[in-house]
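> whatever this is, show me its structure:
(one chain, ligands or ions: 1)
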Amino acid sequence: MQMTVPYLSDAPFQPAHPQSLFIANRWVQPASAEQLEIVCPMTEEVVGEVPAAVVADVDRAVAAARAAFDSGPWPKTSVAERAGKLREIARLLKTRADALAWLWTLEAGAPNMFTSRVSENCGMIFEHYADVLEKACLVDARQRAAGGYALVTQEPIGVVAAIVPWNAPIFLAVIKVAAALAAGCTVVLKPAPETPLDAYILAECIEAADLPEGTFSIVAGGREASDHLVRHPGVDKVTFTGSTATGKHIMSVCADRVARVTLELGGKSAAIVLDDIAPTDCLPGILGQVMGNCGQACVTLSRILVQRDRIAEFEEMLEHAFSQVRLGDPFDPATQIGTLAMERQFDKVNEYVRIGRDEGAKLVVGGARPAGFDRGYFFAPTLFSGVDNAMRIAREEIFGPVLVMIPYDTVDEAVAIANDSPYGLHGALFTHDADRAYALARQLRTGSVGLNGNTMDLTMPFGGWKQSGIGREGGPEGLAGFFEEKTIYLPSMPAAMVA
Ligand code: NAD
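Residues are numbered from 1 along each chain as shown. Predicted coordinates:
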């Protein structure tokens with residue numbers, strides 16, 4: 001299948017300042033001539049370039065964020081003023097949702113139908129944090145047993161470095177940026193080098209919302225720039241989404257200066273299919289794991305646990321269903337599955353198929369580039385059966401449209417298998433019995449549990465147990481990650497509290 005994709009300069013949506021960097025809320029010349037090439041995963045061709053931020057750009061962004069935090073107005077603005085700015089960014093993002101979705105599809109190959117749905121919610125995330133901020137208790141006056149008062153205040157944590165991956169570039173960025181700005185922090189955002197374009201649109205919105213100078217910068221760059229940002233003494237907190245390996249590295253670097261960290265890392269989430277639900281009722285929830293983002297989502301339910309005597313029935317159903325999924329041009333509204341995001345992902349998924357075969361798992365369907373697609377990082381939805389939870393394909397995050405089916409004999413055994421993982425991000429029960437689902441969900445060692453599919457609602461706390469991360473995003477818990485608590489002892493209530 002041949003696809004044509006316009007060069008960025010001819011595209012229907014494009015950043016207004018593609019050859020600048022957004023540092024200290026202004027479009028500026030980059031420090032070097034280095035460029036990031038945008039490779040379209042449908043055609044494997046370079047479709048655009050933007051400047052790569054280098055160490056000098058990172059220094060400039062952190063210095064501006066530091067000055068804006070230490071002596072600028074943003075951390076001291078009233079709740080009403082900050083919430084007002086967040087709502088203005090939300091409004092502007094909503095008017096640019098089409099551009100966000102289109103550029104995301106161009107860079108990462110996820111179907112435009114999917115990226116449109118997610119991009120529409122980006123404005124909502126800013127509104128959500130405006131609401132959470134307005135309801136937050138930022139000063140709690142407590143009477144001391146020894147007499148007098150303690151005022152426990154929530155203070156913005158400082159300069160925040162927000163580092164995000166390529167799999168949902170704008171969505172993962174706004175979750176961090178909205179919460180940090182709501183708390184009164186200043187922010188340096190580091191998008192993945194493969195997917196920097198959406199951040200340009202976010203910057204245009206923040207520029208138009210007229211936030212104080214230095215509150216927000218973007219430094220899209222490679223590992224060296226990112227590592228420099230993490231090590232920078234001017235950064236008080238790193239909020240990171242990405243692989244567990246990088247998260248461990250960042251945590252160890254931050255330990256040196258006890259910088260605060262929130263880590264949203266990998267997953268190998270399990271879906272336990274209970275005996276009361278028909279296989280066909282499970283189908284939409286299972287298919288959802290390989291469609292949309294081509295399995296490149298942290299919450300993908302990549303381990304499907306099915307009663308041993310129903311395995312054959314599920315194999316037959318899923319073999320048929322996976323081979324019917326509409327794979328193709330991600331800009332076609334009928335397309336259900338696009339491409340993997342890049343060559344490195346394509347190679348990784350192929351390698352795991354080889355590992356699964358070598359481990360003796362049964363390849364039920366998929367396992368390769370689909371017929372007729374000789375260009376682009378297309379990969380057929382894949383199911384392995386006969387999988388033991390000790391196999392690498394059951395323990396390691398593949399991050400592609402590859403599910404493994406694991407048999408169980410008792411529900412207790414299914415819970416034990418689900419929990420036997422280095423990860424603990426998400427999980428799901430497939431059942432019509434919500435009471436049974438609740439009881440079993442309480443036994444799963446994961447940050448969230450869905451019913452009959454994966455569920456991610458970023459107005460609720462989201463995050464991982466075990467090696468899936470530390471901290472939460474979404475809800476009041478997400479905002480709390482950008483505050484430090486301070487306890488102020490006073491003999492009497494200050495006038496500001498009495499008024
Ligand atoms: P990655 O860790 O390779 O890269 C993520 C980001 O970190 C990128 O911006 C990258 O440039 C930067 N980076 C890489 N090495 C660095 C270093 N040494 N120091 C500082 N920064 C560095 O991850 P990836 O492969 O791009 O992303 C996929 C991973 O993200 C998967 O494991 C997925 O599960 C995870 N993820 C987690 C969540 C969540 O909320 N838990 C959400 C989405 C993705």
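
> quick check: closest non-adjacent residue to whichever residue of the stretch 51-200 of the chain sits closest to the ligand.
The minimum distance from the stretch 51-200 of the chain to the ligand, using C-beta to the nearest ligand atom, falls at P165 (3.2 Å). Using the backbone N, CA and C atoms, a C-beta is placed for each residue, glycine as well. Nearest non-adjacent residue to P165, counting by C-beta to C-beta, 6 or more residues apart in numbering: G242, 4.6 Å away.

> roughly how far apart are that neighbour and E127?
G242 is 26 Å from E127, where distance means C-beta to C-beta, to the nearest Å.

> then P422?
As judged by C-beta to C-beta, P422 and E127 stand 36 Å apart.

> and A203, how far from R26?
10 Å.

> and the helices in the stretch 201-350 of the chain?
Under the criterion DSSP state H, counting those that start in this stretch, the stretch 201-350 of the chain contains helices at 223-231, 244-255, 279-287, 311-324, 343-358.

> could you export these as TSV, including distance to Q154, mean neighbour count and mean pLDDT?
Listed next are the helices of the stretch 201-350 of the chain as TSV, based on distance: least, C-beta to C-beta, whole Å; neighbours: other C-beta atoms under 10 Å; pLDDT from 0 to 100:
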stretch	distance to Q154	mean neighbour count	mean pLDDT
helix 223-231	25	19	96
helix 244-255	21	17	98
helix 279-287	39	17	98
helix 311-324	48	16	98
helix 343-358	40	16	98
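
> among those helices, which is nearest L451?
Closest to L451 of the helices of the stretch 201-350 of the chain, according to C-beta to C-beta: helix 279-287, at 8.7 Å.

> domain assignment for this structure?
Annotated domains of the chain cover 8-265+468-487, 270-457 [automatic domain parsing].

> could you dump the ones you listed to CSV with distance to M1?
Listed next are these as CSV, based on distance: least, C-beta to C-beta, whole Å:
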stretch, distance to M1
domain 8-265+468-487, 9
domain 270-457, 5
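
> quick revisit: who's more crowded, P422 and E127?
E127 (20 against 13; other C-beta atoms under 10 Å).

> what strand or helix carries the more buried one?
E127 belongs to helix 122-135 when assigned by DSSP states H and E.

> what comes up buried for that helix?
Residues C122, G123, M124, I125, F126, E127, H128, Y129, A130, D131, V132, L133 are the ones in helix 122-135 that count as buried (16 or more other C-beta atoms under 10 Å).

> what's the neighbour count on the nearest residue to the third one once chain neighbours are set aside?
Okay, so that is M124. In space, and not counting its chain neighbours, M124 is closest to A90: 7.0 Å by C-beta to C-beta, 6+ apart. Residues lying near A90 (other C-beta under 10 Å) number 22.

> please apply the same query to D140.
So D140, with other C-beta under 10 Å, has 12 neighbours.

> can you tell me the SS state at it?
Assigned with DSSP: H, G, I helix; E, B strand; the rest coil, D140 falls in the strand class.

> doesn't E485 make contact with it?
No: applying C-beta atoms under 8 Å, one finds D140 not in contact with E485, separated by 9.4 Å.

> between A203 and R26, which has more neighbouring residues?
Each of A203 and R26 has its neighbours counted (other C-beta under 10 Å); A203 has more, 24 against 14.

> how about the residue minimising distance to the centre of the chain, nearest residue that isn't a chain neighbour?
Computing the C-alpha centroid of the chain and ranking residues by C-alpha atoms, centre = their mean puts L172 first, at 4.0 Å. Distances taken as C-beta to C-beta, 6+ apart place V164 nearest to L172, at 4.3 Å, with adjacent residues excluded.

> what residues are up against the one you found?
Shown in contact with V164 (C-beta atoms under 8 Å, 6 or more residues apart in numbering): L172, A173, K176, L189, K190, P191, A192, T241, G242.

> assign R82 to helix, strand or coil.
Strictly by three-state DSSP, R82 counts as helix.

> neighbours around it, how many?
R82: 23 surrounding residues under other C-beta under 10 Å.

> isn't it up against V132?
No: using C-beta under 8 Å, R82 is not in contact with V132; the gap is 11.4 Å.
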